[in-house]
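>>> sharing a sequence plus its predicted fold:
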Amino acid sequence: MFDLFKERYSELVDDAEAFFSCLDSLQPRSFRVNRLKSTPEHIKERFSEYGISLEQVQWYEDAFISSEPEVGATFEHFTGEVYIQELVSMLPPVVIRKELEKARFVLDACAAPGSKTTQLAAIMQNRGLIVANDISYNRIRALKFNQEKAGAANVVITNRDLRNFPKNQFEIIILDAPCSSEGTIRKNFGIPSLWSEKHINNLARMQKQLILKAFDLLSPGGTMVYSTCTFAPEENEAVLHHLLENRPAKLEKILIPHLKLSQTVAEWRGTEFNSEVKNAIRIWPHHNNTGGFFLAKVKK
């Protein structure tokens, strides 16, 4: 399976040797300061007292990198002042910070375990309402725990299949879709052994259903962020192409200073994607020493 994986993605990356070498290494541990309970300045001061070295992330002032495992044993982690989270996982709320300042009704469509939900609540400073939905009841228990620990008071939790979600209108929707998780290989080395193109294609069919439903729940003029932590064009560009061909959607360009962004795939295995797809972005692990990620900002 891994040979097929390597053959497949050698076609897409700019530097296959650097890409696969990066996948063989552990990615840096990272966390986010929860502004509902603390500030970056306070955390830097406290962690300095503990002797824990930190590196503040240039493209997101609330994010830090630390190679020291003691971060998870600190009082600040126990009380919810910091939230251990992958850097690329923080991107969806980051790219809509301006919209979130005025938002009143937000949907985190596939929310568990709550990383992005609690980040949304912190950016919104507990104003407005966030509906955090997930299909898995077991995962919702983790979502509820993290919500309470973070002090995210403007969150209500629902347990629905998004495809059957009641008719509502949200100003902002985050659809961090269930995916093949190829971009998390650096923390889960078992993924290549379970990997198959059949699994990718099955997920892509579901993702196309999810993105159409999410767009239908978006209010006119609203913003949706579609994201995955995978490299597969079937789960990324092809899903956006499906949306653009079936709904009156537009994709906005994404700019994130100090973070290297890569172009999307224009064509894959005989299918040429809608030209709007070029406004989405890819994050390759070897460019920023992170996990892999795909991100699109959709307007209705």
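Cool, the structure landed.
>>> give me the buried positions along the lengthiest helix in the chain.
Longest helix in the chain by number of residues (criterion: DSSP state H): helix 197-216. Within helix 197-216, the residues that count as buried by 16 or more other CB atoms under 10 Å are 200, 203-204, 206-208, 210-215. For the C-beta atoms, the positions are set from N, CA and C on the backbone; glycine is no exception.
>>> for that helix, C-alpha coordinates in CSV please.
Extracted in CSV, the C-alpha atoms of helix 197-216 (Å, rounded to 0.1, in the frame of the first residue of the first chain):
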residue,chain,number,x,y,z
GLU,A,197,-7.9,4.5,-2.8
LYS,A,198,-11.3,2.7,-2.3
HIS,A,199,-11.5,4.3,1.2
ILE,A,200,-10.7,7.7,-0.4
ASN,A,201,-13.4,7.4,-2.9
ASN,A,202,-16.0,6.3,-0.3
LEU,A,203,-15.1,9.4,1.8
ALA,A,204,-15.2,11.7,-1.2
ARG,A,205,-18.8,10.6,-2.0
MET,A,206,-19.8,11.5,1.6
GLN,A,207,-17.9,14.8,1.5
LYS,A,208,-19.8,15.9,-1.6
GLN,A,209,-23.1,15.3,0.2
LEU,A,210,-21.8,17.2,3.3
ILE,A,211,-20.6,20.2,1.4
LEU,A,212,-23.9,20.7,-0.5
LYS,A,213,-25.9,20.4,2.7
ALA,A,214,-23.6,22.8,4.5
PHE,A,215,-23.9,25.3,1.7
ASP,A,216,-27.7,25.1,1.8
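>>> show the pLDDT at the residue most central in space within the chain.
Nearest to the geometric centre of the chain sits Ser89, at 3.9 Å (CA atoms, centre = their mean). At Ser89, the model reports a pLDDT of 98.
>>> just the helices in the stretch 101-250 of the chain please.
115-124, 137-150, 191-194, 197-216, 237-246 (DSSP state H, counting those that start in this stretch).
>>> so which of these comes closest to His286?
When those are compared by CB to CB, helix 191-194 sits nearest His286, at 16.5 Å.
>>> for the closest one, name the packing helices and strands.
helix 2-10 (3 or more CB pairs under 8 Å, 6 or more residues apart in numbering; DSSP states H and E).
>>> average pLDDT for the next helix or strand after the helix it packs on, rounded please.
As assigned by DSSP states H and E, the chain's next helix or strand after helix 2-10 is helix 16-23. Across helix 16-23, the average pLDDT comes to 96.
>>> again, but for stretch 75-85
97.
>>> off-centre distance for that stretch?
19 Å (CA atoms, centre = their mean, to the nearest Å).
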